[in-house]
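1. kindly generate the corresponding structure for this input.
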Amino acid sequence: MKESAQKLTFKEIATFPRPGSSIPTSFKFLPDGKTLTFLKSEQNSLIQSLWSYDITSNIKKVIAGPEKVEYTANLAEELRRERTRERNLGVISYQIAGENTQPVIFIPGQPARLLKNDGETVEIPDLGTAVAPRINHSGTQIAYVKENDLWLMNLSDQQSVRLTHTGEAAFSNGLADFISQEEFSQPNGFWWSPNGTKIAYIESDSRHIENFPIVHLGAEMISTEYHRYPFAGKANPKLRMGIIDLASEQTQWIDLSDETDIYIPRIAWREDEMLGVLVLSRDQTSLNFHLFDPETGTATHTLTEKGTPWLNIGQFQFLDDGDLLWSSERTGFRHLYLYDKEFSLLNQVTGSEKNNWLVTRIVHADMNSRSIYFESTRSSALERHLEKVSFDGGPITKITKEEGWHSTLISSNNEYLLDSFSSTIHAPKVTLSNLIDAKEVKEIEPKPPLLSINLGLNPPKFLRLPGADGTLLDAALYLPDKKEACPLIISGYGGPHAQRVMNEWSLTVDLRAQFLVQEGFAVLKVDNRGSANRGLAFESPLFRNMGTIEIDDQVSALRALSENENIDITKVGIYGWSYGGYLTCMALMRYPDVFQVGVAGAPVIDWTGYDTAYTERYMQKPSENQDGYSNGSVLPHVKKLLGKLLIIHGLIDENVHFRHTARLLNSLSEQQKHYDLILFPQERHMPRKQLDLEYLEDRCLTYLIEHLQ
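-> Presented below is the predicted three-dimensional model:
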């Protein structure tokens, strides 16, 4: 990226990380609280190293560089990267174990490595192809998955034993299934107990689910991978939860009674070795959070929640004294509640004042001062700030002050606050300060502040525009420096569980939008009803109605925009990926008089072809909502298409299968509708190869410009 107003190139638009975005991430304090570790590239690229920062001396150094630049992995690990949208290479994760004086850092990868506090590095070659290896709390053993079974390695001699013996294709022990990873952000399938004598794990049986083939047609040698993909309304994996005693290697299965067609999205051990398991019903309107005795597998206490039209899964945390800090949307906005060891409600911690804001993240519990630190939307839905409240509730103290987006971490000894901050004007910076006396603030990487003006980029302006029912929607508008009315392009997503309009640096370095602005176009982003972080009443209009209100809201917003800005709404385009690709197709077909051109990347075309957990949460099963599925399918609307449509899809996309686009192409042909198509034979849901990304940006942007000028 040039530090001037020179025009962007397709290569710059396709390159990660974005300007100003190569900053330290994945922060962890060592057990003594005096040393901070983090991941960061040494070359401002995607290739990361592991660093340490001595808080007292301000000395920062690389303690583990990347052993390999090219990332190779078995299929299970490759798919885990897809689930987490991981682009980085080199050191992409690490774990800390051991006591205050003998910390051990474990780095998975090829090869896997142990870093000891005396500077010694120990390679573990046998873990190079392991799936999801995780070290125990004392740093003496590592559990991992191989051949769909759970294994245990003693680090003293690097010898392994097989803990389970039933693993086979589509039947795994200790491995998170597709739904858990993709839809519940749960990448793990096993959990060490605090004292390291037991491991809780998921047994997942998908053998009854039909194989879905994905053929690698673009490779030198043709191959086929098979996925047990649970389509909406069809069977889910059968899940069991076991606790294996490492001394006897015997598993105690926990008793879920008549709960069978379920999801298990969250698991956590309590310090007294009791196991908390969150069980969500198939229709996602009720959950039970059970506390299990690992010796008997029976639940001693249960916290139950019910909600309509669905329950979003939130955070919870066992406190050091055994009490439970729980988050819930029972008021319509997510707030915190304190329960005792027996799951009896003690009090509501937040939300007693005006309730139209929500807690987005629990950051830290200080047992000494009995204070909870959390991030919230209390200042604005467009921002995140760290706040503090007593366990007993009451007044809330705002800790972070700068307007923008704060992501925070507090040391376990309650001494230090780490704040990663950015806004649309200010590139990310990371500071460390004393939590009590914040006067002394250290920047982890001291350097002159990088502002949007330094890059020749104009940040978008924030607006509130009316949706189809009059609800005010958050919007971000990018405008070119020109006096005459300019064409408008919507950068759309539209789906639930996402927020795109934020006072955060990523909006400014959305280089696709900035390129279009340089070409004389206005670009609009709108968080329609159904988007996240404005409460259930704002989200829930999507229920049983996907493909309707989100497009209606986008059109309402752009029409209102034309009354106040110098916008030519006779020339309107739209682009988006995944749900945004779906939004693009539906916008062109439901509003052919509004949209002249669209670029749809990896679009969902018919919700019967997407997975159970996501689709049924918002649409119920196809048998329960036939009209909703019919109206929400792109296919019946194809006959109304008038504008230009470019479709982009990866042939080995295992999330939104190419089958979606194939069905759309059939319908377009039947209706004699013209379309354009770009295929990436060796890309999954998120294109990764640099040349593919450059080609994508060239074709996508050129298409929009050609058909709107």
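2. residue boundaries of the strands in the stretch 351-500 of the chain?
-> For the stretch 351-500 of the chain, the strands defined by DSSP state E, counting those that start in this stretch occupy 359-366, 371-376, 385-390, 393-398, 405-410, 416-422, 429-434, 441-443, 461-466, 472-478, 486-491.
3. flag the shaky bits of the protein, pLDDT-wise.
-> 1-5, 67-73, 100-101, 118, 353-354, 438-439 (pLDDT under 70).
4. and the helices in it?
-> 10-13, 75-84, 178-184, 505-508, 511-518, 536-539, 549-564, 579-590, 612-619, 626-631, 658-670, 690-706 (DSSP state H).
5. endpoint to endpoint, stretch 9-22 covers what distance?
-> Stretch 9-22 has an end-to-end distance of 20 Å (C-alpha to C-alpha, to the nearest Å).
6. still on that earlier bit, can I get the strands of the stretch 351-500 of the chain in TSV including distance to Arg134 and mean neighbour count?
-> (C-beta placed from N, C-alpha, C; glycine too.) TSV is the format used below for those (distance: least, C-beta to C-beta, whole Å; neighbours: other C-beta atoms under 10 Å):
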stretch	distance to Arg134	mean neighbour count
strand 359-366	22	19
strand 371-376	26	23
strand 385-390	29	20
strand 393-398	36	14
strand 405-410	20	21
strand 416-422	24	22
strand 429-434	26	18
strand 441-443	32	12
strand 461-466	42	16
strand 472-478	39	21
strand 486-491	38	24
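7. can you list those strands in TSV and add distance to Thr702?
-> Supplementary listing: these in TSV, determined by distance: least, C-beta to C-beta, whole Å:
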stretch	distance to Thr702
strand 359-366	38
strand 371-376	40
strand 385-390	41
strand 393-398	46
strand 405-410	32
strand 416-422	31
strand 429-434	36
strand 441-443	41
strand 461-466	27
strand 472-478	19
strand 486-491	13
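8. among those, which is nearest Gln620?
-> Gln620 lies closest to strand 472-478 among the strands of the stretch 351-500 of the chain, at 25.6 Å (C-beta to C-beta).
9. just how off-centre is the closest one within its chain?
-> 22 Å (C-alpha atoms, centre = their mean, to the nearest Å).
10. show me what that strand is packed up against.
-> strand 461-466, helix 511-518, strand 522-526, helix 549-564 (3 or more C-beta pairs under 8 Å, 6 or more residues apart in numbering; DSSP states H and E).
11. partners of that strand in the sheet?
-> Sheet pairing of strand 472-478 (DSSP bridges) gives strand 461-466 (antiparallel), strand 522-526 (antiparallel).
12. quick one: the first one to helix 549-564, angle?
-> The one in question is strand 461-466. Note on geometry: by axes from the mean of the first three to the mean of the last three C-alpha atoms, to 10 degrees, strand 461-466 and helix 549-564 are set 110 degrees apart in direction.
13. now do strand 461-466: everything it contacts.
-> 382, 472-477, 479, 501, 503, 526, 556-557, 560-561 (C-beta atoms under 8 Å, 6 or more residues apart in numbering).
14. circling back to that earlier point, Lys644: which of the strands of the stretch 351-500 of the chain is closest?
-> strand 486-491 (12.9 Å).
15. list the helices and strands the closest one packs on?
-> helix 511-518, strand 522-526, helix 549-564, strand 567-577.
16. turn those into JSON lines, including mean neighbour count and distance to Asp692.
-> As requested, the helices and strands packed on strand 486-491 are exported to JSON lines (neighbours: other C-beta atoms under 10 Å; distance: least, C-beta to C-beta, whole Å):
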{"stretch": "helix 511-518", "mean neighbour count": "22", "distance to Asp692": "15"}
{"stretch": "strand 522-526", "mean neighbour count": "26", "distance to Asp692": "23"}
{"stretch": "helix 549-564", "mean neighbour count": "21", "distance to Asp692": "28"}
{"stretch": "strand 567-577", "mean neighbour count": "22", "distance to Asp692": "14"}
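17. so which of the ones you listed comes closest to Ile647?
-> Ile647 lies closest to strand 567-577 among those, at 11.3 Å (C-beta to C-beta).
18. which residues are in contact with Leu417?
-> 386, 399, 408-410, 432-435, 438.
19. distance to Arg534 for those - can I get that in a markdown table?
-> Output for the contacts of Leu417, formatted as a markdown table (distance: C-beta to C-beta, whole Å):
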| residue | distance to Arg534 |
| --- | --- |
| Leu386 | 20 |
| Ile399 | 23 |
| Thr408 | 22 |
| Leu409 | 26 |
| Ile410 | 27 |
| Leu432 | 32 |
| Ser433 | 31 |
| Asn434 | 34 |
| Leu435 | 30 |
| Ala438 | 30 |
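20. nearest to Ile23, of the helices of the chain?
-> Using C-beta to C-beta, the nearest of these to Ile23 is helix 505-508, at 9.6 Å.
21. export that closest one to CSV, keeping only CA atoms.
-> What follows is helix 505-508, C-alpha atoms only, in CSV (Å, rounded to 0.1, in the frame of the first residue of the first chain):
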residue,chain,number,x,y,z
TRP,A,505,-9.7,0.0,11.4
SER,A,506,-10.8,-2.8,9.1
LEU,A,507,-13.5,-0.6,7.6
THR,A,508,-11.0,1.9,6.5
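22. wait, isn't Ser26 in contact with Ser93?
-> Yes: counting by C-beta atoms under 8 Å, Ser26 does reach Ser93; the two are 7.2 Å apart.
23. out of the strands of the stretch 351-500 of the chain, which is closest to Phe680?
-> strand 486-491 (20.7 Å).
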